[in-house]
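Asks: when you get a sec, could you give me coordinates for this:
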Amino acid sequence: VNGLMTLGFAGARQQTSPCNESLMLEKLPACGKSFEEMMKKVDFRKWCNLTEFIMYYDNFTQCTEREANNASCFWPNPLAEGFITGIHKQFFSNCTSEKVHWEDPPDEILITLILIPVMLTCAMITLVVWCSKRSDIL
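Replies: This next block holds a predicted model:
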C-alpha cells in the first residue's frame with residue numbers, strides 16, 4: 001500500500017509542462033467555429049431549447065477540454081471559461097428564464113382539495129374511536 005501511495009503522490013507531484021495559454025487560445029476558436037457550424041443546422045428560434053442542440057454543445061465542451069489538455073492546461077480555467085462565455089453570449093444572449101406566475105386554482109378545485117383530506121381525517125378518527133369502544137370484536 002505504501003508503494004502505491006508513494007507512486008500516486010509522486011505522479012501527482014510530477015508536472016509535465018506548464019500551461020501553454022497562447023496555444024490554448026489559438027486552438028479554442030476552432031471549437032467555436034465547429035460549434036457555430038453545427039448550430040447552423042438548428043433553427044435559431046430553437047436555440048434556447050437545450051434538447052435541440054445538446055449533442056452539439058457536448059461536442060463543443062469536449063473540444064474545449066481536449067484543447068486545454070493538449071496545451072497542458074487544466075480545464076476549466078479562466079481563459080477557457082472566458083471563451084465559453086463569449087460563445088454563450090453569441091448564441092444564447094436572448095435566452096432569459098421566464099418568471100412563472102403562480103396563481104391559485106379555481107375555488108371549486110381548491111375547496112375540493114381542502115375538504116377531501118379533512119373528511120378523510122374525520123372518517124379515520126371516527127373509525128378509531130368506534131373500534132376502540134368495541135373492544136369485544138377484537
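Asks: in this structure, what secondary structure element scores lowest on mean pLDDT?
Replies: helix 2-13 (a mean of 44; mean pLDDT, DSSP states H and E).
Asks: quick one, domains of the chain?
Replies: The chain breaks down into these structural domains: 21-92, 105-137 (assignment by the TED database).
Asks: can you list those domains in CSV and add mean neighbour count and mean pLDDT?
Replies: (Each C-beta comes from the backbone N, C-alpha and C, glycine too.) Compiled in CSV, the domains of the chain are given as follows (neighbours: other CB atoms under 10 Å; pLDDT from 0 to 100):
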stretch, mean neighbour count, mean pLDDT
domain 21-92, 15, 93
domain 105-137, 9, 90
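Asks: got the CA coordinates for stretch 41-48 in PDB?
Replies: The C-alpha trace of stretch 41-48 is given here as PDB (Å, rounded to 0.1, in the frame of the first residue of the first chain):
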ATOM      1  CA  LYS A  41     -28.400  23.200 -38.500                       C
ATOM      2  CA  VAL A  42     -30.700  24.300 -35.700                       C
ATOM      3  CA  ASP A  43     -33.500  26.800 -36.300                       C
ATOM      4  CA  PHE A  44     -32.400  30.000 -34.400                       C
ATOM      5  CA  ARG A  45     -35.800  30.200 -32.800                       C
ATOM      6  CA  LYS A  46     -34.900  26.900 -31.000                       C
ATOM      7  CA  TRP A  47     -31.500  28.000 -29.700                       C
ATOM      8  CA  CYS A  48     -33.000  28.300 -26.200                       C
END
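Asks: quick one: contacts of that stretch?
Replies: Here stretch 41-48 makes contact (CB atoms under 8 Å, 6 or more residues apart in numbering) with 39, 52-53, 56, 91-92, 94-95.
Asks: again, but for stretch 20-32
Replies: For stretch 20-32, contacts defined as CB under 8 Å, 6+ apart pick out 60, 63-64, 67-68, 70-73, 79-80, 83, 86-87.
Asks: one more pass at 7 Å, please.
Replies: 60, 63-64, 67-68, 70-73, 79-80, 83, 87 (CB atoms under 7 Å, 6 or more residues apart in numbering).
Asks: any idea how far it is from the chain center?
Replies: Counting by CA atoms, centre = their mean, to the nearest Å, stretch 20-32 is centred 26 Å from the centre of its parent chain.
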